[in-house]
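Novice: sharing a model prediction with you, sequence too.
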Amino acid sequence: MLARLLRFLPSTIIEGYEHPELVSEIFAKTVAAEPSGEWPEIRSIETVLDFGGACGIHYKLAHREAPLIRWAVVETPAMVRQATQLETDRLRFFETIEAAAAWLGGIDLMHSNGAVQYTPNPLEMVRQLANVGATRMQWKRLFFSDQAISERQRSMLVENGPRPKGKPLRLSTKAVTYDRKSFSRPEFEAAHSGYRVEASGSDWFSFIR
């Protein structure tokens with residue numbers, strides 16, 4: 001409740017995902033995070049391209065299920081510069097899809113969770129990701145709309161990044177703003193040339209070649 005109230009009374013506005021304070025917030029929370037739960041479908045996967053995977057929080061959960069998995073995160077230049085501190089021989093960070101795909105070689109899974117709608121041209125980005133030829137493509141938290149929507153969103157800085165389990169958000173009046181663009185389900189599906197829908201829901205899709 002307090003975080004929702006403070007959203008209307010921010011003391012400072014941070015613009016976009018490249019801002020150093022936002023990057024540092026996400027990095028620190030990712031380092032401290034200890035993801036729990038299961039991800040059984042990842043156990044048979046060897047290589048993953050994670051589009052918009054920040055500082056590797058999804059990898060931390062996947063690594064529990066598949067310790068030898070190779071994971072390439074595609075992120076903004078600022079996030080990549082910060083996250084390289086966490087690189088290993090199994091986890092790498094890249095500014096481009098092409099560089100990530102080249103490092104992985106064959107790609108078993110393209111994974112993206114709530115990221116593509118924050119890019120300048122979401123549908124073009126979807127096409128680029130489909131063109132890397134991953135065996136499967138898994139999308140979560142998509143922004144669908146029958147009519148094209150372009151909106152300015154705002155959240156509190158402390159709401160970004162993985163939330164520490166069992167700990168309340170600390171008090172902060174700083175906010176971050178970013179642009180979000182929608183796309184329709186039909187045009188999203190059409191962008192996956194060479195794939196068929198394996199499963200889908202209100203805001204998620206799974207494709208297979």
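Specialist: Structure's in. What do you need?
Novice: break down the protein into its strands, ranges please.
Specialist: Assigned by DSSP state E, the strands in the chain fall at 12-15, 47-51, 70-74, 91-94, 109-113, 136-140, 150-156, 174-181, 196-200, 205-208.
Novice: quick one: low-confidence parts of the protein?
Specialist: For the chain, the stretches flagged by pLDDT under 70 are 1-11, 164-172.
Novice: grab the most central residue of it for me.
Specialist: Among the residues of the chain, the one closest to the centroid is Gly52, at 3.2 Å (CA atoms, centre = their mean).
Novice: I'd say it and Val80 touch.
Specialist: No. Here Gly52 lies out of contact with Val80, judged by CB atoms under 8 Å, at a distance of 11.8 Å. In this view, the C-beta of every residue, glycine as well, is placed from N, C-alpha and C.
Novice: tell me, how many residues neighbour the nearest residue to Gly114 once chain neighbours are set aside?
Specialist: Excluding the flanking residues, the one nearest Gly114 by CB to CB, 6 or more residues apart in numbering is Arg141, at 3.4 Å. The number of residues packed near Arg141 is 12, by other CB atoms under 10 Å.
Novice: same question, Ala33
Specialist: Ala33, neighbours per other CB under 10 Å, totals 18.
Novice: contacting residues around the closest residue to it other than its chain neighbours?
Specialist: Of all residues not flanking Ala33 in the chain, Pro162 sits nearest, at 4.3 Å (CB to CB, 6+ apart). By CB atoms under 8 Å, 6 or more residues apart in numbering, the contact set of Pro162 is 29-30, 33, 35, 57.
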